[in-house]
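Participant: Here is a sequence with its predicted model. Questions after.
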Number of protein chains: 2
Amino acid sequence: MTSVARLYYLDGLGQQEIAGMIGVSRSTVSRFLTAARERGIVRISVDPYDPRDAMLERRLGDRFKLRNAVVIRTLGRTAETVRRTVGYYASIAVAQRFQPGQTIGLAGGRTLYELIHAFAACDPPVRPRVVQLMGNIGPTTSAIDATELSRILASRLGGTFYTLNAPAFASDRRTRDVFIDHEHLRTVRKLFGALDMALVGIGSLDESAFVERDALTAADFARLRRAGAIGEICGRFYDRSGRECETDYRDRVISVELDELRRCQEVVGVTNGPRRARAVFAALKGRLVSSLVIDQQGAEALLAEGMNAG
Amino acid sequence: MTSVARLYYLDGLGQQEIAGMIGVSRSTVSRFLTAARERGIVRISVDPYDPRDAMLERRLGDRFKLRNAVVIRTLGRTAETVRRTVGYYASIAVAQRFQPGQTIGLAGGRTLYELIHAFAACDPPVRPRVVQLMGNIGPTTSAIDATELSRILASRLGGTFYTLNAPAFASDRRTRDVFIDHEHLRTVRKLFGALDMALVGIGSLDESAFVERDALTAADFARLRRAGAIGEICGRFYDRSGRECETDYRDRVISVELDELRRCQEVVGVTNGPRRARAVFAALKGRLVSSLVIDQQGAEALLAEGMNAG
DNA sequence: GCATCGGGTGAGCAAATGTCCACGCACAAA
DNA sequence: TTTGTGCGTGGACATTTGCTCACCCGATGC
């Protein structure tokens, strides 16, 4: 077996050639190689690479009094590739903070999608209660909706999934109340007050999944802007101080309340990209999130924002 | 680049996934990985494995007063796989003994075929004179004929190829003489006396490439057997003491003479398999070869033969 | 003696991989 | 500005590789 491994990895022969040399099928050679790697006969080492920028993490943590800051170095240039990289590496950092039996709230969003999908099945499983923090944005469930993400997270970690059987917005306040009074939702909303940790995305008004999916009417949008909205968490819009904007829209949302998040001991804001710096800054100012997962460029932009805004 | 290498080798991601994470094509990722291996960012180590059996080499060397003994451990069970393995590993040992500008004689045979084909192009090239030691067995040149092997060896080592433009046997002595008197052959035959090294196969009467390719008539075969032939080198048959068998056949062969081999300072016999033990033993006894390349089982059988024959 | 079970093996397939080629871009020279 | 040169990149192809399935062989139990 050692011989096979050397022929393959050091001499650069193909599996076919090796199979011919020792008189077995190529399949068997492939199996030998797998076994050799598992048994440590073959050792592959790569120069160390730290995907996290410790210095930026310290600066962010100090500047914004964060419980925990995770800054991921990114190689990609497009938003898509940055999200992937952040999700991949951040999942490791986030997974480390999970404790067995915790109640974890989870929102939706593209970056969270990447993060959740990068989770490997834990061993031993953490078995958390995973609570969906906001309703579905559209009638067609998308892979980045809180429902899907919560379901997957619970499944990966061997936990229980508490779904919020409702749309993210109702047409008016009355309808909203009917929804949230339903027994199912009451049960789940009770958990909103008992979260050990929450993972939420941070959206800006400019590039929001809500806008992209036509969840907001033009009128809603204009009103929110007039009310000073610059950021969004769990479908709730807030202004530059992190205060929720007072429009009628506020009473139609079905999701965790921002005050509930404020009371949660660890709310992890997951975001990326320099263009969301103002939204993130406001969320931090309003103590909406207590920890941050962000990409390098986003972190730099956020610190710059902090300089400008004092 | 380090990041890419870690994702691939340690995290086990596919090249496609990595490409998606950093926003380049899969081709580029493949190139990164190649570069990372070349630059030593990725290091692959495998437990040491010595394909040569040093103990058997020492025993063979002592018992038969060999200049050099190479015993290759083999995993395969069939003759074919044993030849491949012996050829592959022995090529390294043989290559180490080449000196620049040497004159090297080369016979044909299946094991030599594997050995020659395992040679990598040397750097710097040894540039030897490669002399074909025997004519072609059949009218159709086979890949294992001395012609082909010599041509390839010369090409790999950047040397000159001296071909023996003749069949391995003539129909009678007169014809043979006509052949070997040709100017081409005289030139090459002169080199037979000036060999620095010769690589020859050792065949047995039972399993000889000559018999398999119908080069010998049944009558020839019977006469040789009566004359005590048990082994063959370069188309010349010898008895249990390593003396060339005296049949008319002897005068029809076109190849290096056994006495010419005896005068060469290093004749490497390349063989494999336990069934040729008697032939090899006789060759050693008659000092036809001074070094040996053999597989482990063959070596053990040879030592056992030595016990029996004293 | 015969049937059944488990470990190991090879054929075949789908996916992953390496490599060639052509294109585009940047930089230098005319 | 245009032309030429060279590097880096992505697309496409052929090959290589991992994996599933069915099979065979030996061992065990009835």
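Facilitator: Here it is on my side, so go on. Residues are numbered from 1 along each chain as shown, chains lettered A, B, ... in the order given.
Participant: need the contact list for residue A:206.
Facilitator: residue A:275 (CB atoms under 8 Å, 6 or more residues apart in numbering or on different chains). In this view, the C-beta of every residue, glycine as well, is placed from N, C-alpha and C.
Participant: which SSE is it in?
Facilitator: Taking DSSP states H and E as the definition, one finds residue A:206 inside no helix or strand.
Participant: Need the per-residue pLDDT for it.
Facilitator: Confidence at residue A:206, expressed as pLDDT, is 79.
Participant: Where in chain A is the helix or strand with the lowest mean pLDDT?
Facilitator: Least confident element among the helices and strands of chain A, by mean pLDDT, DSSP states H and E: helix A:209-212 (a mean of 70).
Participant: Following the chain onward from it, which element is next?
Facilitator: Immediately after helix A:209-212, counting by DSSP H and E, sits helix A:218-226.
Participant: What average pLDDT does the helix or strand just after that next one get?
Facilitator: Going down the chain from helix A:218-226, the next helix or strand is strand A:231-233, by DSSP H and E. Averaged across strand A:231-233, pLDDT comes to 94.
Participant: Can you name the residues of chain A that neighbour DNA strand C?
Facilitator: Within chain A, the positions adjacent to DNA strand C are A:24, A:25, A:26, A:27, A:28, A:31 by CB under 7 Å from any atom of the strand.
Participant: Now do the contacts for the third one.
Facilitator: Going back to what we said before, that points to residue A:26. A:15, A:16, A:19.
Participant: again with the second one
Facilitator: Contact analysis of residue A:25 by CB under 8 Å, 6+ apart lists residue A:19.
Participant: try residue A:93
Facilitator: When the contact criterion is CB under 8 Å, 6+ apart, the partners of residue A:93 are A:52, A:70, A:293.
Participant: Please name the nearest non-neighbouring residue to the residue in the stretch 201-310 of chain A positioned nearest to chain B.
Facilitator: Proximity of the stretch 201-310 of chain A to chain B (CB to the nearest CB) peaks at residue A:295, 12.2 Å away. Excluding its sequence neighbours, the residue lying closest to residue A:295 (CB to CB, 6 or more residues apart in numbering or on different chains) is residue A:272, at 4.3 Å.
Participant: Strands along the stretch 51-200 of chain A, start to end?
Facilitator: For the stretch 51-200 of chain A, the strands defined by DSSP state E, counting those that start in this stretch occupy A:68-72, A:103-106, A:129-132, A:160-162, A:197-201.
Participant: Save those as TSV, and put in distance to DNA strand D, mean pLDDT and mean neighbour count too.
Facilitator: Below are these laid out as TSV (distance: least, CB to the nearest atom of the strand, whole Å; pLDDT from 0 to 100; neighbours: other CB atoms under 10 Å in any protein chain shown):
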stretch	distance to DNA strand D	mean pLDDT	mean neighbour count
strand A:68-72	21	96	24
strand A:103-106	30	96	27
strand A:129-132	28	96	25
strand A:160-162	27	96	17
strand A:197-201	28	97	27
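Participant: for the residue of the stretch 201-310 of chain A closest to chain B, phi and psi?
Facilitator: Backbone torsions of residue A:295, given as degrees, to the nearest 10, read phi -90, psi 170.
Participant: Residue A:244 contacts residue A:235, correct?
Facilitator: No. Between residue A:244 and residue A:235 there is no contact under CB atoms under 8 Å: 11.0 Å.
Participant: Same drill for those two, tell me which one is more crowded.
Facilitator: Remark: of residue A:244 and residue A:235, residue A:235 carries more neighbours, 27 against 19, as counted by other CB atoms under 10 Å in any protein chain shown.
Participant: where does that one fall, phi/psi-wise?
Facilitator: Torsion angles, degrees, to the nearest 10, at residue A:235: phi 80, psi 0.
Participant: if I pick it, what's in contact with it?
Facilitator: Residue A:235 touches A:134, A:135, A:137, A:168, A:169, A:210, A:253, A:254, A:255, counting by CB under 8 Å, 6+ apart.
Participant: Kindly recompute the last result at 10 Å.
Facilitator: With contact set as CB atoms under 10 Å, 6 or more residues apart in numbering or on different chains, residue A:235 has these partners: A:107-108, A:133-135, A:137, A:146, A:168-169, A:203, A:208-210, A:215-216, A:249-250, A:252-256.
Participant: Residue A:52 now?
Facilitator: Neighbour list for residue A:52: A:69, A:70, A:71, A:72, A:73, A:89, A:90, A:92, A:93, A:296 [criterion: CB under 10 Å, 6+ apart].
Participant: farthest-separated two in the residues you listed?
Facilitator: Largest separation among the contacts of residue A:52 by CB to CB: A:92 and A:296, giving 16.4 Å.
Participant: returning to that earlier point: so which of the contacts of residue A:235 belong to helices?
Facilitator: Among these, DSSP state H puts A:146, A:209, A:210 in helices.
Participant: Out of the contacts of residue A:93, the closest to residue B:129 would be?
Facilitator: residue A:52 (62.9 Å).
Participant: any idea how far residue A:219 is from the closest one?
Facilitator: As for residue A:52, its distance to residue A:219 is 43 Å (criterion: CB to CB, to the nearest Å).
Participant: Over to residue A:225?
Facilitator: Counting by CB to CB - residue A:225 and residue A:219 are separated by 11 Å.
Participant: ditto for residue A:298
Facilitator: To residue A:219, residue A:298 is 31 Å away according to CB to CB.
Participant: what's near enough to touch the residue nearest to residue A:48 when sequence neighbours are not counted?
Facilitator: Nearest-residue entry for residue A:48: residue B:2, 7.6 Å, with adjacent residues in sequence omitted and distances by CB to CB, 6+ apart. Residue B:2 is in contact with A:46, A:47, A:48, A:49, A:50, B:32, B:36, B:39, B:41, B:42, counting by CB under 10 Å, 6+ apart.
Participant: Mind giving me the PyMOL select for the residues you listed, buried ones only?
Facilitator: Selection of buried members from these for PyMOL, criterion 16 or more other CB atoms under 10 Å in any protein chain shown:
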select buried, (chain A and resi 46) or (chain B and resi 32+36+41+42)
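Participant: thinking again about what came up before, can you pick out the residue with more neighbours from residue A:92 and residue A:296?
Facilitator: For residue A:92 versus residue A:296, the count of surrounding residues by other CB under 10 Å is larger for residue A:296: 21 against 16.
Participant: Please determine how far the closest residue to chain B within the stretch 101-250 of chain A is located from residue B:251.
Facilitator: Nearest residue of the stretch 101-250 of chain A to chain B: residue A:114, at 9.3 Å (CB to the nearest CB). From residue A:114 across to residue B:251, the span is 83 Å (CB to CB).
Participant: Neighbour count: those two, which is higher?
Facilitator: residue A:114 (23 against 13).
Participant: Show the contacting residues for the residue nearest to that one when sequence neighbours are not counted.
Facilitator: Counting by CB to CB, 6+ apart, residue A:114 lies nearest to residue A:87, which is 2.5 Å off, once chain neighbours are set aside. By CB under 10 Å, 6+ apart, residue A:87 lies in contact with A:72, A:94, A:110-119, A:270, A:272, A:293, B:21.
Participant: Test for you: state the pLDDT assigned to residue A:87.
Facilitator: For residue A:87, pLDDT reads 92.
Participant: Kindly report the same for residue A:176.
Facilitator: pLDDT, residue A:176: 94.
Participant: The one 5 residues further on now?
Facilitator: pLDDT recorded at residue A:181 is 93.
Participant: again with residue A:16
Facilitator: 89.
Participant: I'd like the distance between it and residue A:8.
Facilitator: According to CB to CB, residue A:16 stands 11 Å off from residue A:8.
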